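Undergrad: coords below, sequence missing:
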Ligand code: ADP
């Protein structure tokens, strides 16, 4: 028996756009400019400019359905215009990660066969040298001020964004498209291997946006303003630009001002109620606020994910600044919302902590299981570890194989029955809380036992003298592998002897897990999205580039 519902109404991004620009037309987008006044606009005006952009792309640049239109842009209102215009006209938005090494950027743009690139003027010096290697790019659209002289002699046609939009109609007949059509693509940041392309559908973006808005996720309302510090090229800024157009939540966008100082300033001046970023950024903000106090009391919650959030940092935000941190887990392949750590009801604030420091619970759209090391699946008993596998309507089913190539389903990433293998190792409690102990590739295998690098890092980062700490596996003749601890002391702090750090670790960590090898660094190497780059650290150790002390 079939339903009597309007099941043929497609879940498309143009529906989200239409809703946001009408019902929430007055909702605000503020972009930090570094000048006296930020740039201010509304959802309605953004929708009108998105229509103008779509006209320009189609009529002037000849963009057709399924063509890839890339962006190399910071978080700003023009990027939001591109976010809605490109998928809504049935083309595919490809957000390029401006922090990737040049050769990876070239690889990705060629692999996706990007036809057009929208680039912020301030990023031209980064893009210009790569242009001769970009095989498929026919048009460059320069957004905002920048030195275009670096483009002289370059092959693609160059357009100015404002001139391109000027005088074009402010509405567009968005085509009816199948909700399973490609809407946007994002390559993984390649922490553990080469970047791989994930292609989101209109349907997956729509459903994921609804999840972002659920009270058990970020749960924002029209009374809120959110500050996505997480870049719009890092898994669609975790879905926030789409989600806010459903709910009328205000957007505060940092553009290129991502250092702790300007972030603190924009929070004090614009008073957002929510923010989202990876832990490294918030660690920096804590230090900044200690040095130069500012009023960040408008912030009620901050969603932190992308790598394990040190519990010491969560507590510091709450105790020093009254900001509640919600820890979340996700991946490019999961759109990215995979789990969020909201504690169960009825607990005292102190009893909530053991739940809040986990990676959290899965929303109804995400099914999870743990593939046990010896085969089969581990029970949800809070103790039996396994590799996390997930499936659901906003989880990747494959990677983009290239133009006219079939999708890729490498066996190490997809199970034969179609679940995504996350590469993350952990346990799940009987009440569904996920605790990740490590990435499968980062876990330290010492004498047949596993040591969690994340546990050691979290314990170390609770030390008052340390700004950062990363732990990696290094080969050891006797044990196979042992942990190497790389520490970064806070500026102006006397280095603490390694013996003392080791004793500090010993207060919470089993003796046999304590690192013998220690090194002090000016900063831990980071990936393009601000995670500890353990691949680089392991390489530096192997090449003998680190001054290691063995206790
Ligand atoms: P890449 O895999 O290239 O780093 P992603 O941004 O997709 O790019 O990273 C996803 C990975 O980040 C997850 O598989 C997991 O290892 C890690 N991660 C994300 N959130 C958390 C978290 N809250 N705690 C621990 N690890 C996390």
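TA: Cool, the structure landed. Here the structure is a predicted model, which is why all the values come from computation and not from measurement. Residues are numbered from 1 along each chain as shown.
Undergrad: so residue 436, which of the three states?
TA: strand (DSSP: H, G, I helix; E, B strand; the rest coil).
Undergrad: please name the nearest non-neighbouring residue to it.
TA: Once flanking residues are discounted, residue 436 sits nearest to residue 426: 3.9 Å by C-beta to C-beta, 6 or more residues apart in numbering. Where C-beta positions appear, they are placed from N, C-alpha and C, glycine not excepted.
Undergrad: correct me if wrong: the one you found contacts residue 385.
TA: Yes - look at residue 426 against residue 385 with C-beta atoms under 8 Å: they come within range, at 6.5 Å.
Undergrad: overlap in contacts of these two?
TA: Jointly contacting residue 426 and residue 385 under the rule C-beta atoms under 8 Å, 6 or more residues apart in numbering are 370, 437.
Undergrad: quick revisit: so the residue nearest to residue 436 is in which element?
TA: For residue 426, the host element (DSSP states H and E) is strand 420-428.
Undergrad: neighbouring contacts of that strand?
TA: Counting by C-beta under 8 Å, 6+ apart, residues outside strand 420-428 touching it are 192, 329, 331, 333-334, 338, 359, 368, 370-371, 378, 380-391, 395-397, 412-415, 434-441, 443.
Undergrad: now swap in stretch 163-177 and tell me
TA: With C-beta under 8 Å, 6+ apart, stretch 163-177 has contacts from 10, 12, 14, 17-18, 48-56, 59-60, 65, 85, 88-90, 141, 202.
Undergrad: ok, now which ones touch the residue nearest the centre of the chain?
TA: For the chain, residue 234 is the residue whose C-alpha lies nearest the centre (C-alpha atoms, centre = their mean; 4.1 Å). Listed by C-beta under 8 Å, 6+ apart, the contact set of residue 234 reads 97, 186, 189, 306, 529.
Undergrad: mind giving me the domain split of this structure?
TA: 8-202+213-251, 442-550 (automatic domain parsing).
Undergrad: let me see the mean pLDDT of the last one.
TA: For domain 442-550, the per-residue pLDDT values average out at 91.
Undergrad: centre of the chain versus that domain, how much separation?
TA: 24 Å (C-alpha atoms, centre = their mean, to the nearest Å).
Undergrad: just the first one next, same as before
TA: Its chain's C-alpha centre lies 16 Å from the corresponding centre of domain 8-202+213-251 when counted by C-alpha atoms, centre = their mean.
Undergrad: that domain: end-to-end distance?
TA: 32 Å (C-alpha to C-alpha, to the nearest Å).
Undergrad: go on, stretch 145-163?
TA: Start-to-end, stretch 145-163 (C-alpha to C-alpha) is 13 Å.
Undergrad: what is the subsequent helix or strand relative to the helix or strand of the chain with the lowest mean pLDDT?
TA: Here the helix or strand of the chain ranked lowest by mean pLDDT, DSSP states H and E is strand 449-451, holding a mean of 79. Next helix or strand after strand 449-451 toward the C-terminus (DSSP H and E): helix 453-461.
Undergrad: direction included, what does the helix or strand following that following helix pair up with?
TA: Tracing the chain past helix 453-461, the next element assigned as helix or strand by DSSP H and E is strand 466-476. Sheet pairing here is set by DSSP bridges, and for strand 466-476 it gives strand 480-489 (antiparallel).
Undergrad: now do the SS call for the closest residue to residue 71 other than its chain neighbours.
TA: Once flanking residues are discounted, residue 71 sits nearest to residue 118: 4.7 Å by C-beta to C-beta, 6+ apart. Following three-state DSSP, the label given to residue 118 is strand.
Undergrad: in the sheet, who's paired with residue 118?
TA: The partner residues for residue 118, given DSSP bridges, come to residue 71, residue 141.
Undergrad: go ahead and confirm it touches residue 143.
TA: Yes - Residue 118 lies in contact with residue 143 (C-beta under 8 Å); the separation is 5.7 Å.
Undergrad: overlap in contacts of these two?
TA: Joint contacts of residue 118 and residue 143 (C-beta under 8 Å, 6+ apart) are 73, 78, 161.
Undergrad: touching the ligand at all, stretch 409-418?
TA: No - Stretch 409-418 does not reach the ligand (C-beta under 6 Å from any ligand atom); its nearest approach is 10.7 Å.
Undergrad: mind pulling up the pLDDT for residue 408?
TA: 95.
Undergrad: and for the residue nearest to residue 71, the neighbour number?
TA: When neighbours are counted by other C-beta atoms under 10 Å, residue 118 registers 27.
Undergrad: equivalent analysis for the one 5 residues further on, please.
TA: Here the count is done by other C-beta under 10 Å, and residue 123 has 20 residues near it.
Undergrad: where does residue 505 fall, secondary structure wise?
TA: Going by DSSP H and E, residue 505 is in helix 498-506.
Undergrad: helices or strands next to the following helix or strand past that helix in the packing?
TA: Using DSSP H and E, the helix or strand that follows helix 498-506 in sequence is strand 517-520. Where contact means 3 or more C-beta pairs under 8 Å, 6 or more residues apart in numbering; DSSP states H and E, strand 517-520 is packed against strand 480-489, helix 498-506, strand 549-550.
Undergrad: just the pLDDT at the residue nearest to residue 216 when sequence neighbours are not counted, thanks.
TA: Spatial nearest neighbour of residue 216, excluding adjacent residues (C-beta to C-beta, 6+ apart): residue 342 at 5.7 Å. What the model reports for residue 342 is a pLDDT of 98.
Undergrad: residues contacting residue 342?
TA: 216, 326, 355, 360-361.
Undergrad: narrow the shared contacts of residue 118 and residue 143 to those in helices?
TA: Counting by DSSP state H, the shared contacts of residue 118 and residue 143 place 78, 161 in helices.
Undergrad: quick check, residue 386 in contact with residue 373.
TA: Yes - judged on C-beta under 8 Å, residue 386 makes contact with residue 373 at a distance of 6.8 Å.
Undergrad: now the two most distant members of the contacts of residue 342.
TA: 216 and 355 (12.7 Å; C-beta to C-beta).
Undergrad: compare those two (neighbour count), which wins?
TA: residue 355 (19 against 12).
Undergrad: in the stretch 201-350 of the chain, which spans are helices?
TA: Shown for the stretch 201-350 of the chain, the helices assigned by DSSP state H, counting those that start in this stretch span residues 202-213, 235-238, 240-247, 260-270, 279-291, 311-321, 349-356.
Undergrad: any idea of the angle the third one forms with helix 202-213?
TA: An angle of 80 degrees separates the directions of helix 240-247 and helix 202-213 when computed by axes from the mean of the first three to the mean of the last three C-alpha atoms, to 10 degrees.
Undergrad: what sits closest to whichever residue of the stretch 1-150 of the chain sits closest to the ligand if chain neighbours are left out?
TA: The nearest approach of the stretch 1-150 of the chain to the ligand comes at residue 97, 9.7 Å away (C-beta to the nearest ligand atom). Nearest residue to residue 97 in three dimensions, chain neighbours excluded: residue 233, at 4.6 Å (C-beta to C-beta, 6+ apart).
Undergrad: just give me the neighbour total for the one you found.
TA: 26.
Undergrad: wait, isn't it in contact with residue 188?
TA: No - the criterion here is C-beta under 8 Å, and residue 233 misses it with residue 188 at 11.9 Å.
Undergrad: excluding chain neighbours, what is closest to residue 109?
TA: residue 134 (5.4 Å).
Undergrad: roughly how far apart are that neighbour and residue 106?
TA: 7 Å (C-beta to C-beta, to the nearest Å).
Undergrad: do residue 365 as well
TA: Taken as C-beta to C-beta, the span from residue 365 to residue 106 is 35 Å.
Undergrad: kindly report the same for residue 257.
TA: 27 Å.
Undergrad: close to the ligand: what parts of this protein are there?
TA: Residues of the chain lying near the ligand (C-beta under 6 Å from any ligand atom): 188-191, 305-309, 327-332, 359, 422-424, 436, 439, 529, 531.
Undergrad: neighbour count winner among residue 365 and residue 106?
TA: More crowded of residue 365 and residue 106, by other C-beta under 10 Å: residue 365, with 21 against 18.
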